[in-house]
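Engineer: sequence and predicted structure below; questions after.
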Amino acid sequence: MSSAPSHVLPQNQPEGMSQLVEVESDNPGIPAASADPSLRGPWLCSQLEAGNILFFARTPFAIPQNDREFLLGRTQTSSALHKNVAYRPAEDRLTGLAKSEEVEAERLRFILKNYSEHATQFLRELLPPYAGKWKLDFASFRPLEERGRPARLHARNDLPHFDSFPTRPTNGDRILRFFTNLNPSQNRVWNTSQTFEAIGPHFAKSIGLPRAHSTNSFARGMRGLAGALHLPGANRSLYDSFMHRCHNAMKEDASFRETCPKKRWEFPPGSSWIVLTDCVSHAVLEGQYALEQTFLISRRAMVEPERSPIAILERLAGYPLSN
Ligand SMILES: O=C(O)CCC(=O)C(=O)O
Ligand SMILES: [Fe+2]
């Protein structure tokens, strides 16, 4: 990895550049880990909330070798494993596969279910302040080479962005992702730039904060009706609409993406890492074959809630941005 250990602050670094926290029991940078294990979880949470990356040189739970072989495409028969696939834990089902791919879909569902369950159990133990205070979002398998992967501008993941999901508003809750590089020989390469704390206010100025919802009873009634009819975007809070516009603005802004300070990360084969991707501006540049599980963590579970994007934006706005 191209980084100093987490407890050494590099000199002359722009504000809000992510650092790597190597989570190993003998890392002397983790304070009091051995003396008082009850401090370890909150400390790791505070590192995530500061925009740092928790890094595991080896995935902290086993992924069976025959499952890896299957995912790497050595034993499949069709094209099912040649595209990104999402797994929805709440419904125990995959999306993104065709009917003809059913046999492989079944095996893939089983592997993603396992990954999802292991990641959940692992996070429960690693990060007690967040445990159970989350909504389990999707898991995904990412078999495509990221370098040069064609995508619409707003869907491009090789341009620095804060995550915001147009179809899953969080209402101020946090997006935490657990990634694993399954590739046996190739690193997964990311850039990160400054955190939301450092550059969110700049985007708030350039794209404008959302205007407060009107409190008159007609407008309230119309919003209630739109919600009851499940109209698209009806439940999207002011926070979500800002974060989505910010995500798009970052990708559209050629000067930002070219001139923003960048740190390059190389996640080796067999490693895992955890990031709050709504406050770490990130881009994936290279790599093929990754697994990922997303958690939507209650904003109320944060150990430093005032550092959350919603708190930063509400301080700027002077009014609530959640529903
Ligand atoms: O696949 C990756 O490594 C990260 C891509 C990304 O930015 C995302 O899924 O939001
Ligand atoms: Fe992303």
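Structural biologist: Sure, I can see it. What you see is a predicted model; the values in this text were computed from it and never measured. Numbering: from 1, shown residues only. Ligands and ions are numbered 1, 2, ... in the order given.
Engineer: can you classify the closest residue to ligand 1 within the stretch 201-323 of the chain by secondary structure?
Structural biologist: Of the stretch 201-323 of the chain, the residue with the smallest distance to ligand 1, taken as Cβ to the nearest ligand atom, is Val284 at 3.7 Å. For the C-beta atoms, the positions are set from N, CA and C on the backbone; glycine is no exception. Per DSSP: H, G, I helix; E, B strand; the rest coil, the secondary structure class of Val284 is strand.
Engineer: close enough to count as contact, it and Arg147?
Structural biologist: No: in terms of Cβ atoms under 8 Å, Val284 does not count as a neighbour of Arg147; the distance is 9.1 Å.
Engineer: looking at those two, which is more packed in?
Structural biologist: The neighbour comparison of Val284 against Arg147 (other Cβ atoms under 10 Å) goes to Val284, with 21 against 13.
Engineer: low-confidence regions, the stretch 151-300 of the chain specifically.
Structural biologist: Screening the stretch 151-300 of the chain residue by residue with the criterion pLDDT under 70, one finds the ranges 214-215, 223, 231-234.
Engineer: residue contacts, the residue in the stretch 101-250 of the chain positioned nearest to ligand 1?
Structural biologist: Each residue of the stretch 101-250 of the chain has a distance to ligand 1, by Cβ to the nearest ligand atom, and the smallest belongs to Asn157, at 3.9 Å. By Cβ atoms under 8 Å, 6 or more residues apart in numbering, the contact set of Asn157 is Glu146, Ala151, Ala283, Val284.
Engineer: surely the third one is in contact with Pro160?
Structural biologist: Yes: here Ala283 reaches Pro160: they are 4.7 Å apart, a contact under Cβ under 8 Å.
Engineer: what sits in contact with each of those two?
Structural biologist: Asn191, Thr192.
Engineer: please name the bridge partners of the residue of the stretch 201-323 of the chain closest to ligand 1.
Structural biologist: Trp190 (DSSP bridges).
Engineer: neighbours around the nearest residue to Ala57 once chain neighbours are set aside, how many?
Structural biologist: Setting aside the residues directly before and after it, Ala57 is nearest to Ser271 in space (Cβ to Cβ, 6 or more residues apart in numbering), at 5.5 Å. A count of neighbours around Ser271, defined by other Cβ under 10 Å, yields 18.
Engineer: one more: the one 5 residues further on?
Structural biologist: A total of 30 residues lie near Leu276 under the criterion other Cβ under 10 Å.
Engineer: ok, it touching Thr170?
Structural biologist: No: with the criterion set as Cβ under 8 Å, Leu276 and Thr170 do not qualify as a contacting pair; they are 11.5 Å apart.
Engineer: please put the alpha-carbon coordinates of stretch 94-102 into PDB.
Structural biologist: These are the backbone C-alpha positions of stretch 94-102, laid out as PDB (Å, rounded to 0.1, in the frame of the first residue of the first chain):
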ATOM      1  CA  LEU A  94     -30.300 -11.700  -7.200                       C
ATOM      2  CA  THR A  95     -30.900  -9.000  -9.700                       C
ATOM      3  CA  GLY A  96     -29.200  -8.600 -13.000                       C
ATOM      4  CA  LEU A  97     -29.300 -12.100 -14.400                       C
ATOM      5  CA  ALA A  98     -31.400 -13.600 -17.200                       C
ATOM      6  CA  LYS A  99     -33.600 -16.700 -17.000                       C
ATOM      7  CA  SER A 100     -31.100 -18.700 -19.100                       C
ATOM      8  CA  GLU A 101     -28.500 -18.100 -16.400                       C
ATOM      9  CA  GLU A 102     -30.600 -19.900 -13.600                       C
END
